[in-house]
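Colleague: sharing a model prediction with you, sequence too.
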Amino acid sequence: MLQIVLGKAGTGKTAAVMARIKDAVDRGIGGRLLIVPEQYSHEAERELCRICGDSLSLYAEVLSFTGLARKLNAELGGGAAPYLDKGGRLLCMALASDGLYSRLRVYSSARRKAELQTMLLSAVDELKTACISSEQLMEASQSCVGALGDKLYDLALILEAYDAVVANGHADPTDRLTLLAEQIGQSSMGEKNEIFIDGFTDFTAQERRIIEALLLKGAAVTVCLGCDELGGGSEIFELSRMTARGLLAFAKENGIKCEVKEFTQTKNGNLSLGFFADNMFSYSSKKFEGDSPCVYIKTAPNMQAECELAASRAIALVRDTGCRWRDIAVAVRGFDDYRLSLESAFARYGVPLYTARKTDLFAKPLPALIASAYEIIGGGWEVSDVLSYLRTDLTGLTLDECDELENYILMWQLRGSAWTQEDDWRLHPDGFGGEYDDEVNERLHRINALRREASAPLLAFAEKTETAETAGAQARALAELLQNLNLAEKLGEKSQALAEGGRQAAAQEYAQLWDIIVSALEQCDAILGDTQTDRESFARLFTLMLSKYDIGTIPTALDRVTAGDFDRMRRRNIKHLIVLGASDARLPQAESETGMFSPDERRRLLEMDIDLGGTGDSELWREFSLIYNCLTLPSETLCLCYPAFDTAGEPQRPAFVVNRACAIFDARPEQTDMAKVRMNAKTPALELAANALHGGGVAEASAAQLFNELEPERMQALHRASEMTRGSLSRRSVRALYGESLRLSASRIDKFASCRFAYFMQYGLKAKTREPAGFTPPEMGVFMHYILENTAHEVMTLGGFKKIDDETLERITDKFIAEYVHEKLNDFKEKSKRFEYLFRRLTKNVRQVVQDMANELRSSDFVPLSFELDFGKTSELPPLRLGEGEDSLVLTGIADRVDGWLHEGKLYLRVVDYKTGRKSFSLSDVWYGMGLQMLLYLFTLGENGKLLYGHDIVPAGVLYIPARDVMLSSSTDMSDEAIAAERAKQIKRSGLILNDPAVINAMEHSDAPRYIPVKFKDGTAQGDALASAERLGLLAQHIEKTLRSMAAELKHGSIAADPYYRGQQENACLNCDYFDACHFADGENGETVRKMPKLAATKVWSILEGGEGNG
């Protein structure tokens, strides 16, 4: 007998079924089966147990269709072949497609494409669920022409081959329901059973065949369907209506007694929810006339605000109504978009939440190690892949060892042959230009040992997989890698440590991971075995196979708010439902991908009696039915909320159900007051209270008042924190960080003048960013300095630049370029071809700069005396000292080049600095305490240079020399002379020169100097770069005063964030490595920028000569 029970949500269909089961249980009559959807089975069983009591299990069961198949299998005693899991099914598809590729018309590439194999497996699932056989597909392919015919032909072959592969010792779980329908007639099922089916909108072909088989066996079957009436009614019930009609037609055709029972009276005691359920899809203008509707309509600014609203509302419901957390549910169509924001908001608000999250397997260490191992050996040892491998903490290296190796790899971007070469790595651990000493050599020895320990298993793995020709051999090679890494023992130790630490879920996860990997390898060997495959194909298939597995989470407590997509909302005891994302972009959800067949192809197949669904209005009806079933779940309140803007900032419109709710209840969406929302939970309310310390509005003031009353100590702590400044270091800390005697170099002075806090981070804490060693401006500078110094030094031994020709100069230059490549770059052994190409291109610039230096010195009486002159390392030239005792300051540094001109018994000195960037000398910077480098060297030489050079010293000036080849933007018709003139203009030096005609002439013998920054007018030298001896003396006094002031600040522990500021494109915070550490905000906590407007040279001299203050 067939009984169809129809009724809309809340009319009591389920209650009536459970009452009938209870009656049978009470009378001791067994054989009652309640069949429900898989995700509803646990809750249905709990509810039925609550109604029927402890004796339920003797007389009735709650099953899904799959559970019914297991029950029948247990009765008949079959099923010796084990069912494949998701990964095993994919392997069977891979084997099937491998044997067919030459016969396939459309999907021949599936042999080599694991992703296509996954799509074909999904198509097989769809066909089997629809009970479509390979014979039907082949027959349909013969009546079709074109692409669809070829597609059907291929799928017919693939389905047949897949079934043949599976049948070789295994069973496909997708066939379980088909087998159930076939075996019901051979079993006792249905003979003494009364079967109730509830919770379905419609049935798949497999499920329908099971119901039909039960009816033919004589079982009494009751099917509950959500539907208003059989003859007609709302279109949202059309799927259920069609399902009922189909079952009734089958019963009548086979002479089976049938009846239809309609439930029309809503049992939900909540009038407003019942009225909304009856009218949400209605086109009528009916309005709810009752009081206090329980449907709440809200809008929030964005997704994050929606999630906060949901958490706050849950708190209010528990507090005000006395419900439990488990009585509340949150539903979102397209839930994955909201998952992270929802979890974050609920954690912040202290609301327990369960989202049935599935963990991404490749986010876990063991699968990540396998994936990265394949990427490494197949992708050329790319840096990112090696780092992913090391970071799994399963490679045998300790975390500290991984860090050291990782830093070196990142520094030098080591990839490819750098890992497979036999020679040791010799590149400096600190980057270009570093000196090699015993400590550095020891570090390199340690790094090379770590490199070999990390790479040895991978190199062996690469060799094994390169020669393996079958899937079985590939699987065994991977198993050998895992064995070489001793992973079984390591994972066991980690699992035990986690369990002992109370982290049972994490411990079980490690055990699960190992079991999954071992099972996957065993299936690969058993199913694919001798199938021919290379490493790349196997790696792609195996990683895709692993992606089919997931690790589910089990809630640690039952009393939690549940959240999920509409199709996961199968609970029947929800009191309060909160629907988020109720915009027309989500409700109804846009049509999803239709698999292997397009909607048009599905319509054509339906005409050939191959019904795969997804045609006509059925999917829209299914979506509307899903919305209806979800929104009618709550028994007490329903809250609909939509965001004003999506994550991209686009404005959102409310969904049709929101508009219907507004019309039915004559309401408008309530704008969410986020301050009120946040007052419902301690953490966000405390954040409001903290905001009150900096102003805020009424809500912030209310929160502050509340915490002042409830937790005055916490508010006092907030007050103290808000008034805290960065403070200063103690003298003890200063000595610990900077040493007993304060030593400053030119770069340190520049950093301190730029920002005190940045100085503290770089030279106190020694914090630095991890950046690849590349030929960026600093490294180019090291290279340029090396070539210029060594070339000039050798030229001077040959008599100077005036004594050699350009050919000799170029030969000397090339000699030192080759030396640098050998000594510093290890002959490019660990560098890429691109690096080598870029370096070779840079050498062209170097030759141009050397030639430029030679041309200048050939027209000058100044000659190089010292290169890389180190102030403080030689006894002949001690460092400059200022002050005594604890307040003393020692200045050190290295001058690139010192030139001299001996005239009338005095040695005139100029300090030269090569600049690979575009920095030029600025008297304004000097005034503010920056760019003091060359002047410090010059004035130090003025005091102590006689000890080194044996003559009285006269400071003659400082010069920045551009150490770069100038790229010219010019028209194509410029002459060579014009180009040379333009180049000379752009490489003119900048600096300060003693305003003495003899000195100026000695620097460059020309009335129109090409190099020094001087012009002549009426025979008189002019320009901002000229300074009298008196002015140079005033500048020296100012610099000394500035340095003493800096020293005093450092000694007193200044770490203030006080960045200099000249504008948005010129300030200390721009590109600062420490910006994220300082959190500087101009005007907050007593910290402000130091505005440093650019001063003209005349202004600076005027201040110095007028004795004006230093700032």
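Modeller: That came through, no problem.
Colleague: pull the longest helix from this structure.
Modeller: Using DSSP state H, we find that the single longest helix of the chain is helix 438-467.
Colleague: tell me the helices and strands packed up against whichever helix or strand comes after it.
Modeller: The helix or strand immediately downstream of helix 438-467 is helix 471-484, counting by DSSP states H and E. Contact analysis of helix 471-484 by 3 or more C-beta pairs under 8 Å, 6 or more residues apart in numbering; DSSP states H and E lists helix 365-379, helix 438-467, helix 504-523, helix 535-547 as its packing neighbours. Using the backbone N, CA and C atoms, a C-beta is placed for each residue, glycine as well.
Colleague: can you name every helix or strand that the shortest one contacts?
Modeller: By that I understand helix 535-547. So helix 535-547, by 3+ C-beta pairs under 8 Å, 6+ apart, packs with helix 86-100, helix 114-129, helix 365-379, helix 438-467, helix 471-484, helix 504-523.
Colleague: what's the burial count for the spatially closest residue to residue 335 that is not a sequence neighbour?
Modeller: Nearest in space to residue 335, with sequence neighbours left out and distances taken as C-beta to C-beta, 6 or more residues apart in numbering, is residue 565 at 4.0 Å. When counting by other C-beta atoms under 10 Å, one arrives at 18 neighbours for residue 565.
Colleague: just checking, residue 565 touches residue 329?
Modeller: No: if you go by C-beta atoms under 8 Å, residue 565 and residue 329 don't touch, sitting 11.4 Å apart.
Colleague: ok so, going back, what packs against the longest helix of the chain?
Modeller: helix 365-379, helix 383-390, helix 399-412, helix 417-420, helix 471-484, helix 535-547.
Colleague: which ones are touching the residue nearest to residue 335?
Modeller: 331, 332, 333, 334, 335 (C-beta atoms under 8 Å, 6 or more residues apart in numbering).
Colleague: same check on residue 301?
Modeller: Taking C-beta under 8 Å, 6+ apart, one finds 643, 644, 645, 672, 674 in contact with residue 301.
Colleague: among those residues, which two are most distant?
Modeller: Greatest spatial distance among these (C-beta to C-beta): 645 and 674, at 14.0 Å.
Colleague: between the two, which has more neighbouring residues?
Modeller: Taking neighbours as other C-beta under 10 Å, residue 645 and residue 674 compare with residue 674 leading, 18 against 15.
Colleague: report the buried members of the contacts of residue 565.
Modeller: Applying 16 or more other C-beta atoms under 10 Å to the contacts of residue 565, the neighbour count classes 331, 332, 333, 335 as buried.
Colleague: quick check, nearest of the residues you listed to residue 114?
Modeller: Closest to residue 114, out of all of the buried ones among the contacts of residue 565 and judged by C-beta to C-beta, is residue 335, at 27.8 Å.
Colleague: which ones are touching the closest one?
Modeller: 355, 563, 564, 565, 568.
Colleague: per-residue pLDDT, it?
Modeller: Confidence at residue 335, expressed as pLDDT, is 93.
Colleague: please renumber so the chain begins at 5
Modeller: I'll keep to 5 as the first residue from here, and by that count the last item is residue 339.
Colleague: tell me how far it lies from residue 179.
Modeller: To residue 179, residue 339 is 31 Å away according to C-beta to C-beta, to the nearest Å.
Colleague: likewise for residue 919?
Modeller: Counting by C-beta to C-beta - residue 919 and residue 179 are separated by 77 Å.
Colleague: and if you look at residue 1068?
Modeller: Per C-beta to C-beta, residue 1068 is found 68 Å from residue 179.
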